[in-house]
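Asker: Sequence below, structure please.
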Amino acid sequence: MTPEKLEQELERLHAESFAWALGCCSRDRAEAEDVLQEAYLKILEGRARFLGRSSLKTFFFSVIRRTASEHRRRALWRRFLPLGGESDRPLRQPLPDEPPAADAVERRIFVERALRALARRQREVLTLVFAHGLTVEESAAALGISVGSARVHYQRGKARMATLLRGER
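Answerer: Model prediction:
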């Protein structure tokens, strides 16, 4: 893929990529922006190469996930170093100025609460499949796990979500 075509495709994926970065960064907007910027740089500078073994979207989502993981590790180390870290930063950003209708907000809160209750891997697979339109196989590639493992996390996550959402109502 030519560098120009790669840039065009990355631009096309930007909104979904930012949403995935937010999910990988515990909804911390500033961290998600940093992670996404670093992921773009990794690809455009050639530190992460798209070889065509999967879709560009799957590849880019895996770069974002790994970059977010690196950020978490660095933040953890900074917290324990004498110079301190970013522990004063809030985990969540406030809702936008224009909140959606009350019913939609309530449903969103129920779903977010249920997602937070899932195991991390289940949450990641379900988010990739339902929010980002990847297949279970593409999700496995993005997360760097086997397809069988992704299927198990997908099934268990769906079952757990159903139980949690029934209990919320």
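
Asker: what about Ala68, distance to Thr163?
Answerer: For Ala68, the distance to Thr163 under the criterion C-beta to C-beta, to the nearest Å works out to 28 Å. From N, CA and C alone the C-beta is placed, and that goes for glycine too.

Asker: Please apply the same query to Ala32.
Answerer: Counting by C-beta to C-beta, the separation of Ala32 from Thr163 is 29 Å.

Asker: Between those two, which has more neighbouring residues?
Answerer: Neighbour totals were compared for Ala32 and Thr163, and Ala32 leads with 24 against 12 (other C-beta atoms under 10 Å).

Asker: element containing the more buried one, please.
Answerer: For Ala32, the host element (DSSP states H and E) is helix 29-44.

Asker: roughly how far out does that helix sit from the chain middle?
Answerer: 12 Å (C-alpha atoms, centre = their mean, to the nearest Å).

Asker: and the next element down the chain from that helix?
Answerer: Secondary structure here is assigned by DSSP H and E; on that basis, the next helix or strand after helix 29-44 toward the C-terminus is helix 56-80.

Asker: Contacts for that next one next, please.
Answerer: In this structure, residues lying in contact with helix 56-80 by C-beta atoms under 8 Å, 6 or more residues apart in numbering are 1, 6, 9-10, 13, 16-17, 20-21, 24-25, 31-32, 34-36, 38-39, 42-43, 48, 50, 53, 84-87, 124, 128, 132, 134, 138-139, 141-144.

Asker: and that helix, what's its mean pLDDT?
Answerer: Mean pLDDT, taken over the full extent of helix 56-80, equals 83.

Asker: now that helix against helix 29-44, angle please.
Answerer: Put simply, helix 56-80 runs at 120 degrees to helix 29-44, going by axes from the mean of the first three to the mean of the last three C-alpha atoms, to 10 degrees.

Asker: Okay, buried residues for the next helix or strand after helix 56-80 please.
Answerer: Per DSSP H and E, helix 56-80 leads on to helix 102-117 as the next helix or strand towards the C-terminus. Residues Ala114, Leu115 are the ones in helix 102-117 that count as buried (16 or more other C-beta atoms under 10 Å).

Asker: Show me what the worst-scoring helix or strand of the chain on mean pLDDT is packed against.
Answerer: Using mean pLDDT, DSSP states H and E, the weakest-scoring helix or strand in the chain turns out to be helix 102-117, at a mean of 79. Counting by 3 or more C-beta pairs under 8 Å, 6 or more residues apart in numbering; DSSP states H and E, the packing neighbours recorded for helix 102-117 are helix 120-126, helix 147-168.

Asker: With just CA atoms, put the longest one into PDB.
Answerer: What that stands for is helix 147-168. Listed in PDB are the C-alpha atoms of helix 147-168, where the atom choice follows Å, rounded to 0.1, in the frame of the first residue of the first chain:
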ATOM      1  CA  VAL A 147      -9.500 -17.200  17.300                       C
ATOM      2  CA  GLY A 148     -10.700 -19.900  19.700                       C
ATOM      3  CA  SER A 149      -9.900 -17.700  22.700                       C
ATOM      4  CA  ALA A 150     -11.700 -14.800  21.100                       C
ATOM      5  CA  ARG A 151     -14.800 -16.900  20.500                       C
ATOM      6  CA  VAL A 152     -14.800 -18.100  24.200                       C
ATOM      7  CA  HIS A 153     -14.500 -14.500  25.400                       C
ATOM      8  CA  TYR A 154     -17.200 -13.400  23.000                       C
ATOM      9  CA  GLN A 155     -19.700 -16.000  24.100                       C
ATOM     10  CA  ARG A 156     -19.000 -15.600  27.800                       C
ATOM     11  CA  GLY A 157     -19.100 -11.900  27.500                       C
ATOM     12  CA  LYS A 158     -22.400 -11.900  25.700                       C
ATOM     13  CA  ALA A 159     -23.900 -14.200  28.300                       C
ATOM     14  CA  ARG A 160     -22.600 -12.200  31.200                       C
ATOM     15  CA  MET A 161     -23.800  -8.900  29.600                       C
ATOM     16  CA  ALA A 162     -27.300 -10.400  29.100                       C
ATOM     17  CA  THR A 163     -27.400 -11.400  32.800                       C
ATOM     18  CA  LEU A 164     -26.100  -8.000  34.000                       C
ATOM     19  CA  LEU A 165     -28.500  -6.100  31.800                       C
ATOM     20  CA  ARG A 166     -31.500  -8.100  32.900                       C
ATOM     21  CA  GLY A 167     -30.500  -7.500  36.500                       C
ATOM     22  CA  GLU A 168     -30.200  -3.700  35.900                       C
END
